[in-house]
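Q: Sequence plus the predicted model coming up.
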Amino acid sequence: MGEQCSRTCLITGCGGFIGSHLAELMLDRGWRVVGTIHRNRRNLDRLEGRAELLTVDLSDREQIRRAVLDAKPDAVVHLAAQAY
């Protein structure tokens, strides 16, 4: 996995097209990536073993709180959304 970076990015919607590509870019630039996933898991093959993936329902406040406390992110990118 290379050198561990001191910067952590929490990405919601990491299983989506944009979220998975952003996670890959951040990983390639040396960031630790913690990504939340809910239903969409089709874009995760490139992230397996590289990013920390958490199953989180963003309508559950306690799950969100726990994810943020565990990740201790330096940056948060919110990309989770309904496409319809």
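A: Now that the structure is in, tell me what you want to look at.

Q: C-alpha only now, for contacts and for neighbours.
A: Noted.

Q: for Gly49, phi and psi?
A: phi 80, psi -10 (degrees, to the nearest 10).

Q: any idea how far it is from Leu27?
A: 11 Å (Cα to Cα, to the nearest Å).

Q: Between these two, tell me which one has more neighbours.
A: More neighbours surround Leu27 than the other of Gly49 and Leu27, with 20 against 10 (other Cα atoms under 10 Å).

Q: Pull up the gap between the closest residue to Ile37 other than its chain neighbours and Gly15, please.
A: Residue nearest to Ile37 in three dimensions, not counting chain neighbours: Thr55, with 4.9 Å by Cα to Cα, 6 or more residues apart in numbering. As judged by Cα to Cα, Thr55 and Gly15 stand 10 Å apart.

Q: The two: which is more packed in?
A: Gly15 (26 against 12).

Q: Pretty sure the more buried one sits against Arg42.
A: Yes. With contact defined as Cα atoms under 8 Å, Gly15 counts as touching Arg42 (6.4 Å).

Q: which SS class is Met26?
A: helix (DSSP: H, G, I helix; E, B strand; the rest coil).

Q: Once you drop chain neighbours, what's closest to it?
A: Closest to Met26 by Cα to Cα, 6+ apart is Val33, at 7.0 Å.

Q: State the phi and psi torsions of the residue nearest the centre of the chain.
A: Central residue of the chain (Cα atoms, centre = their mean): Gly35, 1.4 Å from the mean position. Dihedral pair for Gly35: phi -120, psi 140, per degrees, to the nearest 10.
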